[in-house]
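Enquirer: I'll drop the sequence and a predicted model, then ask my questions.
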Amino acid sequence: GAGKSTLIRCVNLLERPTSGSVVVDGKHLMDLSSSALAKERRHIGMIFQHFNLLSSRTVFDNVAFPLELDGWSKQDIKTRVLELLALVGLQEKANDYPNSLSGGQKQRVAIARTLASSPKVLLCDEATSALDPATTKSILVLLKDINTRLNITILLITHEMRVVKHICDEVAVISGGKLIEQGKVEEVFTNPKHELTREFILDYV
């Protein structure tokens, strides 16, 4: 592939780059000890194409899981989880199990769970690729709302230019593991410099 997913895994050092540096919120992650890196990773959320929900736990318990690991009290967990389910529009699904949810609802649960730890950065690896166009649009609206309301930086990996156009402020185009173009979305869409970028945009149009 182009290297998109490898790039996003390098941001939280799930894969360690062979050269260069990884700086998140002003911190050089590659210079940190294992314990310090683990602490910083708590501020980097990640959502995936296939949701990664725990099938044996309810929606509420899925969102509560990272808070339980962090040692939150039951009352604080309840308050935080209900707040997050309200944010993603799934309050009424709190006691349901993942197998009864639609793809879009599962992704909303995954987003709520990721937000539980109050991340500063949210990594989205092809987060809408398994969803139909209408559901994709609703998830993008939610992500934009999260970006604006919670002031969370979102790094979105996608091969779909309509997703880039809908939600992103800036875009970086990667091919063969190399960054071939970068800039404000409007600038890149109206005046692409690289041939591959032009092809992507023509396919979108």
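Expert: Thanks, I have the structure now. Since the structure is predicted, the reported quantities are computational estimates derived from the model, not experimental observations. Numbers count the residues shown, from 1 in each chain.
Enquirer: Enumerate the beta-bridge partners assigned to the residue sitting nearest the centre point of the chain.
Expert: Residue closest to the mean C-alpha point of the chain, counted by Cα atoms, centre = their mean, is C124 at 2.6 Å. Note on C124: beta-bridge partners by DSSP bridges are I47, L156.
Enquirer: Run a quick neighbour tally on V59.
Expert: 28 (other Cβ atoms under 10 Å). C-beta: built from backbone N, CA, C; applies to glycine.
Enquirer: Tell me how far it lies from L69.
Expert: Counting by Cβ to Cβ, to the nearest Å, the gap from V59 to L69 is 18 Å.
Enquirer: E83: what's it in contact with?
Expert: By Cβ atoms under 8 Å, 6 or more residues apart in numbering, the contact list for E83 is empty.
Enquirer: That one: helix or strand, and which one exactly?
Expert: Per DSSP states H and E, E83 falls inside helix 74-87.
Enquirer: gap between that helix and the chain center?
Expert: Computed by Cα atoms, centre = their mean, to the nearest Å, the chain-centroid distance of helix 74-87 equals 20 Å.
Enquirer: Pull out the buried positions in it.
Expert: The neighbour-count check on helix 74-87 (16 or more other Cβ atoms under 10 Å) flags I77, R80, V81, L84, L85, L87 as buried.
Enquirer: would a markdown table of those residues with pLDDT and distance to T148 be doable?
Expert: Output for the buried residues of helix 74-87, formatted as a markdown table (pLDDT from 0 to 100; distance: Cβ to Cβ, whole Å):
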| residue | pLDDT | distance to T148 |
| --- | --- | --- |
| I77 | 98 | 26 |
| R80 | 97 | 20 |
| V81 | 98 | 22 |
| L84 | 97 | 16 |
| L85 | 98 | 19 |
| L87 | 96 | 12 |
